[in-house]
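Trainee: pasting the sequence and the predicted coordinates here, then a few questions.
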Amino acid sequence: MEKFSLNGSAKTPTIHFDGDTGVLEFSGRSIPENSVEFFAPLNEWLEVYQNHPKGETIVDMKLEYFNTSSSKCILDFFKRLEKINGHSTTVRINWYFEKDDEDMAEAGEDYGAIVSLPFEIIEVDEI
């Protein structure tokens, strides 16, 4: 399967999804002008991936910051991943946050409570 990549900017995260390994990584900041438009290509790619997912899909969320509209798009993305989980595959979310960034730690805990996916909250020195 083809790889999916979006190069990040000061307002958008870098996204790399390798369909052959099932590893997806978000990194950076997510404060785009139009979050729905920004996330649309990723959601389209996920529609194709869900037809032939890997045995394990790992999502590494390494965001420094995200705005309210990105929050909704991230939740929608996790909800799409829930549909893949359990159909001969496991989806696992690794939510990274910088030490002492209580807001990002709490955001990860909130997402973990909302979605039915294995969710690990991981503290790191620097993202």
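Mentor: Sure, I can see it. Numbering: from 1, shown residues only.

Trainee: got the CA coordinates for stretch 65-73 in CSV?
Mentor: Presented in CSV, the C-alpha positions along stretch 65-73 are these (Å, rounded to 0.1, in the frame of the first residue of the first chain):
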residue,chain,number,x,y,z
TYR,A,65,-0.4,21.8,20.7
PHE,A,66,-3.7,21.7,18.8
ASN,A,67,-6.7,24.0,18.6
THR,A,68,-10.3,23.2,19.2
SER,A,69,-11.2,22.5,15.6
SER,A,70,-8.2,20.1,15.3
SER,A,71,-9.4,18.4,18.5
LYS,A,72,-12.7,17.5,16.8
CYS,A,73,-10.9,16.2,13.7
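
Trainee: for that stretch, buried residues please.
Mentor: Within stretch 65-73, the residues scored as buried using 16 or more other CB atoms under 10 Å are Phe66, Ser69, Ser70, Cys73. For glycine as for every other residue, the C-beta is placed from the backbone atoms N, C-alpha and C.

Trainee: just give the nearest non-adjacent residue to the first one, would you?
Mentor: Counting by CB to CB, 6 or more residues apart in numbering, the nearest residue to Phe66 once its immediate chain neighbours are dropped is Ser30, at 4.0 Å.

Trainee: tell me the SS of Ile93?
Mentor: strand (DSSP: H, G, I helix; E, B strand; the rest coil).
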